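Model the following, please.
(2 chains)
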There are 2 protein chains.
Amino acid sequence: MAKNLTTREEDYSKWYNELVINADLAENSGVRGCMVIKPYGYAIWERMQAELDRMFKETGHQNAYFPLFIPKSYFSKEASHVDGFAKECAVVTHYRLKNAEDGSGVIVDPDAKLEEELIVRPTSETIIWDTYRKWIQSYRDLPLLINQWANVVRWEMRTRLFLRTAEFLWQEGHTAHATKDEAIAEAEQMMNVYADFAENYMAIPVVKGTKTESERFAGALETYCIEALMQDGKALQAGTSHFLGQNFAKAFDVKFATKDGGLEYVWATSWGVSTRLVGALIMTHSDDKGLVLPPNLAPDQVVIVPIYRNDEQFDAVSEVAVALMKDLRSKGIRVKFDNRDTYKPGWKFNEYELKGVPVRIAIGPKDVEKGTVELARRDTLTKEFVKSEEVVEKVISLMDEIQDGLFKRAVDYRTEHTTVVDSYSEFKAVLESKGGFISAHWDGTAETEERIKNETKATIRCIPLDDDNEGGSCIVTGKPSVRKVLFAKAY
Amino acid sequence: MAKNLTTREEDYSKWYNELVINADLAENSGVRGCMVIKPYGYAIWERMQAELDRMFKETGHQNAYFPLFIPKSYFSKEASHVDGFAKECAVVTHYRLKNAEDGSGVIVDPDAKLEEELIVRPTSETIIWDTYRKWIQSYRDLPLLINQWANVVRWEMRTRLFLRTAEFLWQEGHTAHATKDEAIAEAEQMMNVYADFAENYMAIPVVKGTKTESERFAGALETYCIEALMQDGKALQAGTSHFLGQNFAKAFDVKFATKDGGLEYVWATSWGVSTRLVGALIMTHSDDKGLVLPPNLAPDQVVIVPIYRNDEQFDAVSEVAVALMKDLRSKGIRVKFDNRDTYKPGWKFNEYELKGVPVRIAIGPKDVEKGTVELARRDTLTKEFVKSEEVVEKVISLMDEIQDGLFKRAVDYRTEHTTVVDSYSEFKAVLESKGGFISAHWDGTAETEERIKNETKATIRCIPLDDDNEGGSCIVTGKPSVRKVLFAKAY
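Numbering: from 1, shown residues only, chains lettered A, B, ... in the order given. Model prediction:
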């Protein structure tokens, strides 16, 4: 039997780590900062991938694959990009090992030094735009709408499972367009796809907005983002979509012949979400008992646990369980029947609570007699007996009910933890007492933004895209502000 | 309009490269030996992945993800493995770049040298078995049936698109078992899964067998393989499945408590197929006009091309085309309606011939009048007019007919190019004149195998698992042989 988790109240960060480990989602590996994504954690990522991939394809994108390695010189071509990405990275310098002459093991062969070092991709704009030069000649080649599912590496010093790891899995969209407006529309569209996915699959409410200049992606003219709020009052950037202007087209000389015979640089976007989303999912819904999964992303939506003392009882219970499993599967529900005899029911109950399976059904000999099953909801931790003939319908309606309930709970939490403030002292007090999103006027300068960050650790998460256009005065400098922006401490 | 391809007759190797490039499957990148897999090539790989992933899951496997990097010392732990894999590889030695003081660009920061070098995985046995030590304690943790979809890097000197590239995509299964028999059964099962996939999806007949000791995977006790024959008479290893014994368990100290209280080393298998399969698919079925795809793996099974001279005709033709597309899609057929006005029908015909779309349907104003469509098969390059009301049924039956036809054609080719020989001179003559598989007696020694390889470039592709147990004399040494084995020149 697993130990109880540290509670969120006691130590939120410890609770998170214990949950990730105990629920078999991921663990640290023998390689600094790199995690192993365990089967259960990977199954959640696979469900995310499947839905996102469908959404990308429905909006006209195709998948492709570009090299893992990027020649060092490529990073120097886009000036702002190199500072943002080429610094903390994994550098390949040699291509061979050999046995040490003293028999001490294998060593790097000094004769096998690369002429030019290769960088393990931290993001792929440079190698992709180097390729697009060959693919794009004419307006007929546009728009080019490509996505890649890949691993990337950023040499992070402080890592946390899923949230910040040296290697992570992600998708990166890279599109090329004939006009500025079309590229901006694409960047906005993908932000909306991410928001749709976050809210309707992950059950996480998000604020859509743009980043301030200092928080923008290195090389972007505009970064659109979706920002979510975790249960400890800290924000998490859940996805970004960048309008890159003609920066990469100019850096890699990608021009196209226009319909009327001209020659112009191409307009670009890029957009991505990563395995970080698994961290966001955990931190939004889970409780002190363990993971809580929204049905739309749960690898198993229902688990059936048999209760029995002897073979005869097992046979009787199994018959009912297998029939129920088939019925549920025929309705598209993902069901597991855990008939392992190596673990007791109590152990299994605990296990599936920890793993956040939305609905648990227990069937014992008495249930078979009475024609009922015991149904437990993970989200509310409530139990009830349901008549066998009503179980399928009940489960189907519960899938929506649980999905909607989790979303609503997260919206309520966010509403309670979003505060409008009018002064810097109030700002600091709210940040200290309950955290969350703080909506406040800001004078639009990087200096003020930096000062607030240094003094409070809060950053501007985004300039929301809602319709608030009310002007005011900056809470720090008193200078005019065109609209309120959203601050928070963030992951 | 694209140029004609070099013919297979003229230069098979050149034909292959031109086909890969012209059919938009892949191309070389700016990084030595690394390819870019273009959307159309990647779509074929995605179809392969989807079917294989389903087959792996149906046989009880789960996906997970392990680190890209492997500490150098891990490779030294399994003696035979290090010689096979840790030599030609990408070595990460540093984790930071910085701006050069002379302003010449970014350079590797000498202060950011790793304590231990990291190898970009050429295969993941070592890092996975280092992890399994933590996952496996008891017989209840077994069997452990894991698969990973990943990129791997082997520093190949001579590369060819899909067939041999420095970075490639693959899946690698890594399983752990309580008994030797169970591990062997798993290795055999996965060879059979690969054979099933090759024959029923790729339409490629394969010979199942085991490798000789010198051709085995580094660290394996037995390597099972499937071997296919390409149109130039050369063999291609299309998938391997390894029984690893307790080698990795011993190297990484992975023991389990048995049911009766003992403590034993775990038994292992690993198995993989890669993007190399795309190369095999191309070389098995394609012709001098371009790619020929089996319907089961074609991203588009049917393409509809409208023929028109004005808007009115386009509207009339489109109405019929869209209705047909919907009908076919409702039957599960993957259909594309190419209504681009930027390309002419002739250009499109050429394009889809080059890209190997199994069925092309052309609809013009006369067809609308007559209630017919023109249907062209890619495999036979034949055309016929079909009544509109019969098209759907015709296409559905054609999917099976084309799939089966391609398989049969490949089987016939292989039959014609498999020769049983009784002497070394005959062996050489056949190898010279028509190539293909050569079945011959061999004395079972590595010396003879090596001599044949040096003198003829032919290797033992496998010891087939068929029921031929007829003894004889080695064609080279005359020594006794227990059964014939299969030789060929190979990719």
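
what's the closest non-adjacent residue to residue A:314?
residue A:308 (4.3 Å; CB to CB, 6 or more residues apart in numbering or on different chains). Every C-beta, even on glycine, is put in place using the N, C-alpha and C of the backbone.

Give me the neighbour count for that neighbour.
Other residues near residue A:308 come to 19 when the count uses other CB atoms under 10 Å in any protein chain shown.

so it, which of the three states?
Look at residue A:308: counting by DSSP: H, G, I helix; E, B strand; the rest coil, its state is coil.

isn't there a helix covering residue A:429?
Yes. Secondary structure of residue A:429 (three-state DSSP): part of a helix.

That one: what's it in contact with?
Counting by CB atoms under 8 Å, 6 or more residues apart in numbering or on different chains, residue A:429 touches no other residue.

Residue A:317 is in what secondary structure piece?
Taking DSSP states H and E as the criterion, residue A:317 maps to helix A:311-330.

Show me what that helix is packed up against.
The elements that helix A:311-330 packs onto, with contact taken as 3 or more CB pairs under 8 Å, 6 or more residues apart in numbering or on different chains; DSSP states H and E, are strand A:302-306, strand A:335-337, strand A:359-363, helix A:365-370, helix A:391-416.

quick one: contacts of it?
Here helix A:311-330 makes contact (CB under 8 Å, 6+ apart) with A:302, A:304, A:306-308, A:335, A:337, A:339, A:361, A:363-365, A:367-368, A:373, A:388, A:391-392, A:395.

what angle sits between that helix and helix A:391-416?
Interaxial angle, helix A:311-330 versus helix A:391-416 (axes from the mean of the first three to the mean of the last three CA atoms, to 10 degrees): 70 degrees.

residues contacting residue A:46?
Residues near residue A:46 by CB under 8 Å, 6+ apart: A:299, B:63.

would you put the C-alpha positions of the host helix or strand of it in PDB?
Counting by DSSP H and E, the element that carries residue A:46 is helix A:39-58. Extracted in PDB, the C-alpha atoms of helix A:39-58 (Å, rounded to 0.1, in the frame of the first residue of the first chain):
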ATOM      1  CA  PRO A  39       3.700   4.200 -19.600                       C
ATOM      2  CA  TYR A  40       0.800   5.900 -17.700                       C
ATOM      3  CA  GLY A  41       2.200   9.400 -18.100                       C
ATOM      4  CA  TYR A  42       2.900   8.700 -21.800                       C
ATOM      5  CA  ALA A  43      -0.600   7.400 -22.300                       C
ATOM      6  CA  ILE A  44      -1.900  10.800 -21.200                       C
ATOM      7  CA  TRP A  45       0.500  12.500 -23.600                       C
ATOM      8  CA  GLU A  46      -0.600  10.200 -26.400                       C
ATOM      9  CA  ARG A  47      -4.300  11.200 -25.800                       C
ATOM     10  CA  MET A  48      -3.200  14.900 -25.900                       C
ATOM     11  CA  GLN A  49      -1.200  14.200 -29.100                       C
ATOM     12  CA  ALA A  50      -4.200  12.400 -30.800                       C
ATOM     13  CA  GLU A  51      -6.600  15.300 -30.200                       C
ATOM     14  CA  LEU A  52      -4.100  18.000 -31.000                       C
ATOM     15  CA  ASP A  53      -3.000  16.200 -34.200                       C
ATOM     16  CA  ARG A  54      -6.600  15.900 -35.300                       C
ATOM     17  CA  MET A  55      -7.100  19.600 -34.700                       C
ATOM     18  CA  PHE A  56      -4.000  20.600 -36.600                       C
ATOM     19  CA  LYS A  57      -5.000  18.400 -39.600                       C
ATOM     20  CA  GLU A  58      -8.500  19.800 -39.500                       C
END
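
angle of that helix against helix B:39-58?
Relative orientation of helix A:39-58 versus helix B:39-58 (the same axes, to 10 degrees): 150 degrees.

How about helix A:39-58, which residues are buried there?
Buried residues in helix A:39-58, counted by 16 or more other CB atoms under 10 Å in any protein chain shown: A:39-48, A:51-53, A:55-56.

next one: stretch A:4-21
The neighbour-count check on stretch A:4-21 (16+ other CB under 10 Å) flags A:5-6, A:8, A:12, A:15-20 as buried.

from those, which single one is nearest chain B?
Using CB to the nearest CB, residue A:20 comes nearest to chain B of these, at 14.3 Å.

Which residue is the nearest non-sequential neighbour of the closest one?
Beyond its immediate neighbours in the sequence, the residue positioned closest to residue A:20 (CB to CB, 6+ apart) is residue A:161, lying 4.7 Å away.

How about residue A:382?
Leaving aside its sequence neighbours, residue A:382 sits nearest to residue A:376 (CB to CB, 6+ apart; 7.2 Å).

Who is the one you found paired with across the strands?
residue A:360, residue A:383 (DSSP bridges).

Count the neighbours of it for me.
As a burial measure, residue A:376 scores 20 neighbours (other CB under 10 Å).

Would you mind confirming that it makes contact with residue A:357?
No. Contact status for residue A:376 versus residue A:357: not in contact, 9.5 Å apart, counting by CB atoms under 8 Å.

what do these two both touch?
Residues touching both residue A:376 and residue A:357 by CB under 8 Å, 6+ apart: none at all.

which residue ranges form the helices in the stretch 51-200 of chain A?
Applying DSSP state H, counting those that start in this stretch to the stretch 51-200 of chain A gives helices spanning A:72-75, A:79-85, A:125-135, A:180-200.

Quick check: which of those helices is buried the most?
Highest mean neighbour count among these (mean count of other CB atoms under 10 Å in any protein chain shown): helix A:125-135, with a mean of 23.

ok, back up a step: least confident of the helices of the stretch 51-200 of chain A, on average?
Lowest mean pLDDT within these: helix A:79-85, at a mean of 73.

Indicate whether that one makes contact with chain B.
Yes. Helix A:79-85 lies within reach of chain B by CB under 8 Å from any CB of the partner chain, at residue A:82.

and that helix, what other elements does it pack with?
helix A:72-75, helix A:247-251.

Out of the helices and strands in chain A, which is least certain?
Lowest on mean pLDDT, DSSP states H and E among the helices and strands of chain A sits helix A:79-85, with a mean of 73.

what residues does that helix touch?
Under CB under 8 Å, 6+ apart, the answer for helix A:79-85 is A:75-76, A:122-123, A:125-126, A:154, A:217-219, A:247-248, A:251, B:106.

same deal with stretch A:387-401?
Contacts for stretch A:387-401 (CB under 8 Å, 6+ apart): A:295, A:301-302, A:320, A:324, A:327-328, A:331, A:333, A:358-359, A:361, A:371-373, A:375, A:377, A:386.

ok, now with 10 Å
Defining contact as CB atoms under 10 Å, 6 or more residues apart in numbering or on different chains, one finds that stretch A:387-401 is touched by A:294-296, A:298, A:301-302, A:320, A:323-324, A:327-328, A:330-335, A:358-359, A:361, A:363, A:367-368, A:370-373, A:375, A:377, A:379-380, A:384, A:386, A:405.
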